[in-house]
Each structure stands twice: as structure tokens, then as C-alpha cells.
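Visitor: all I have is the shape, not the residue letters:
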């Protein structure tokens, strides 16, 4: 059951400093996120929860934005206790501004030995407040999911000003790690890169799965379908993908574009699609979906037109499904997709280059098959269980240092 934090966050006398963990006892850990809506960073929490070493760790999750709760059921199904800090679970509107004090009270009451933060705003609150009576000995680990330049100026400043309170930092790609200012962290070997991966166990495959996916999406069985998965935001830049698709249909008129996701730019993107003449099924806005692995077999080519990325789970899911991809050369995507092998890399914000790359794959069944097979082979290195073991190794290093 999802736990909303107590309404009265006033400070109360906390428990004594955290004791050392007895041999064989589980370590209680809190994963802290801004929200639990459908997004790559949030999905990683679900994936990691399914592969948690439950003999060693008792993990709980807390989040700030009550209306960003789409993944709460999946976490609860995985046996994770979930706390909403910003108000009653599912409440629309703004989060209760007292959530940082609720975080402090929760940490004192639940006596976490380690707090693992996943977005900069709650991370800053944890670094500032998880100290003092009742909280001595709490260790802090932070995962960087995004390039630092993506953050707003105030967020970037607050993140940098408190960064040295981290006992360790995990970056989802080398590209993300390189954007962390050395002046902010001075972590040395405490900055670790961990490539996570998708969890597609049980995902459907084969001709029946393809037919079923196309029926769910409402696209013709004989069309070449380009698909993209991501929130409809400026960062993901689906506008450039629409522009490229309009150009592509001049030479490949039967091609269909599927956009899976929702977000603040949906109305604008629908308007742009209409203005480009992308009507009569040329574009499918599929909305936010919980069944993305079941939809991927219905695609022929995967595409991401992002201006910024850390390392998108959506790309790794597509590769694991055997899809060739056309993606922008940003963030960590070139770390997992080799240009010309598993797909094609293009510059961001360049609809002509994106169109040319898509046309190569749309017009060549053999090339799609070869690159799709290479993508599936490459995806064998995307080991979500191994990634969770790497994260837990960081925990052990941090907790061990705290005991010395």
C-alpha cells in the first residue's frame, strides 16, 4: 500500500544514531525521486526493484509529486513500500511545500542507513536535511540521469553547491559523467558509470506479437512503421521527427509514424502534424502506455530525435526487441549504438539528416534485418540484474567506509 507522509512535519526528537548492521541483518535503503510517472529514470527504479538482493537490502521508495504516480503499482507489485511526500497519493496540483520536512521525519522514523537520490531537487533536500540528531550515519548516493546543462540555472547551482555531501555518485553513461563539474564533486573513484538495461522478460515476440501490436496501434499490417517512445517535451524534440517524417513520406508515402508518450507539447505537436499534412493515419499519437514492450514488435524502425539524453531506456528496449534505430548523436546514445551497425546516428535538430537516415532503413528490408539482428545481439550486454549488482557494490563501498 502506498504511504502518504504524515500531515504534520514538525520536528520531533529523533531516535539515537543509527546502529551498525548486525551480521546477517538487512540494510534499510530509501530510493528518493521527484515523481514516479512514466519516464526512463523512473522505469529504472522498477527494473532495479525486480532484481534487488532482498537478502541484503530492504528498499523503500519516496517521491514528491503526488500526481506523478503511474509506476507506483509496479513498485508495489515488486514488493516495495512507497511513500508520497508531497501530499495524498494521486492528488493533482502542486506538491505540499512541507515535503522536505516530511522527508527528514520519514528518514528518522524509518532509520534508513542509506538514501539513494535520483533527481537533483529531492537530492538537494536530502543533502541539506538528512543530518543531525537521529540521522547521524545516513549515507548518501546519487544517480545522475541527465546532462548537467539540461538543468535550470537555479537547479544546477543548488546541485553543485551541495554535491560534496554525496558519499558516491553513479552516472548512467560516460557522457553524463563528463558533464559533472569536478569542482562540484571531487569524488575521484567514487564517481561510477553504470549502464542500466531494460527488463523485457516475458515480452511477446514473433508474428503473432507483431500482428497484435499493430492492432493495438491501429496501423496497417503492410505499412513500414517508424516508432518513438518518450514524453512529449522540448528535450525529446518530436517536432523535428514530425518534420523529417513529412519529408520522408514524399518518397515513401505509406510510412506511418507512431509517437508513444504524453506531455505538455502534445497539442502543439498535433497541430504541427496537421499543418504538415500528416493526416489520414500518417501519424499515430498513442499516448502514455504501460504496455510498451508489447507494442515494440509492431514497429520496423525505432527513432529518437532528442536534443539531450542521459541514456534512454526506450532505446535499449527497442534494441533488445531487435529494432534498428535512428537516433541523435547526444548523451550516452553513441555508447550503446554504433553508427552503421545497430542503426544510424544523426545530428540533433536536423530534420533533413534524420529524414535521409530514416529513408535508408525504410527503403531497405535487408538493411533493417541486418541492423535489427545486430541491435538484438548488442542488447545482450544490457544487463539490468548486473547493473543492480553494480549499484549494490557502490552501497557496500559507501556503508563500509561509514563503519571505519
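Guide: The structure has been received and is ready for your questions. These numbers come from a predicted model, not from an experiment.

Visitor: for the lengthiest helix in the chain, buried residues please.
Guide: Taking DSSP state H as the criterion, the chain has its longest helix at helix 384-403. Using 16 or more other C-beta atoms under 10 Å as the test for burial, helix 384-403 gives 384, 387-388, 390-392, 394-395, 397-399. C-beta here means a position set from N, CA and C on the backbone, and glycine is covered the same way.

Visitor: do stretch 338-349 as well
Guide: Buried residues in stretch 338-349 (16+ other C-beta under 10 Å): 342-346, 348-349.

Visitor: and the two most separated of those?
Guide: 342 and 349 (22.6 Å; C-beta to C-beta).

Visitor: and the nearest residue in space to residue 81 that is not next to it in sequence, how many neighbours?
Guide: Spatial nearest neighbour of residue 81, excluding adjacent residues (C-beta to C-beta, 6 or more residues apart in numbering): residue 60 at 4.5 Å. Neighbours of residue 60 under the rule other C-beta atoms under 10 Å: 18.

Visitor: what do you get for the one 4 residues further on?
Guide: For residue 64, the count of nearby residues is 24 (other C-beta under 10 Å).

Visitor: distance of it from residue 38?
Guide: 16 Å (C-beta to C-beta, to the nearest Å).

Visitor: and residue 65, by the same measure?
Guide: When distance is defined by C-beta to C-beta, residue 65 is 13 Å away from residue 38.

Visitor: next: residue 289.
Guide: Note on residue 289: its distance to residue 38, by C-beta to C-beta, is 8 Å.

Visitor: swap in residue 384?
Guide: Distance, residue 384 to residue 38, using C-beta to C-beta: 17 Å.

Visitor: what does residue 389 give?
Guide: Going from residue 389 to residue 38 by C-beta to C-beta gives 26 Å.

Visitor: cool, and residue 348?
Guide: Counting by C-beta to C-beta, the separation of residue 348 from residue 38 is 23 Å.

Visitor: ranges for the helices of the stretch 1-150 of the chain?
Guide: Ranges of helices in the stretch 1-150 of the chain, per DSSP state H, counting those that start in this stretch, are 40-50, 72-77, 99-110, 120-129.

Visitor: now swap in the stretch 301-404 of the chain and tell me
Guide: Counting by DSSP H, counting those that start in this stretch, the helices of the stretch 301-404 of the chain are 313-320, 333-336, 351-362, 365-378, 384-403.

Visitor: between these, which has the poorest mean confidence score?
Guide: Mean pLDDT is lowest for helix 384-403 among the helices of the stretch 301-404 of the chain, at a mean of 90.

Visitor: and that helix, what does it pack against?
Guide: strand 27-33, helix 40-50, strand 114-117, strand 139-144, strand 168-171 (3 or more C-beta pairs under 8 Å, 6 or more residues apart in numbering; DSSP states H and E).

Visitor: of those, which is nearest residue 196?
Guide: Nearest of the helices and strands packed on helix 384-403 to residue 196, taken as C-beta to C-beta: helix 40-50 at 5.2 Å.

Visitor: among the helices and strands of the chain, which has the poorest mean pLDDT?
Guide: The least trusted helix or strand in the chain, going by mean pLDDT, DSSP states H and E, turns out to be strand 3-4, with a mean of 50.
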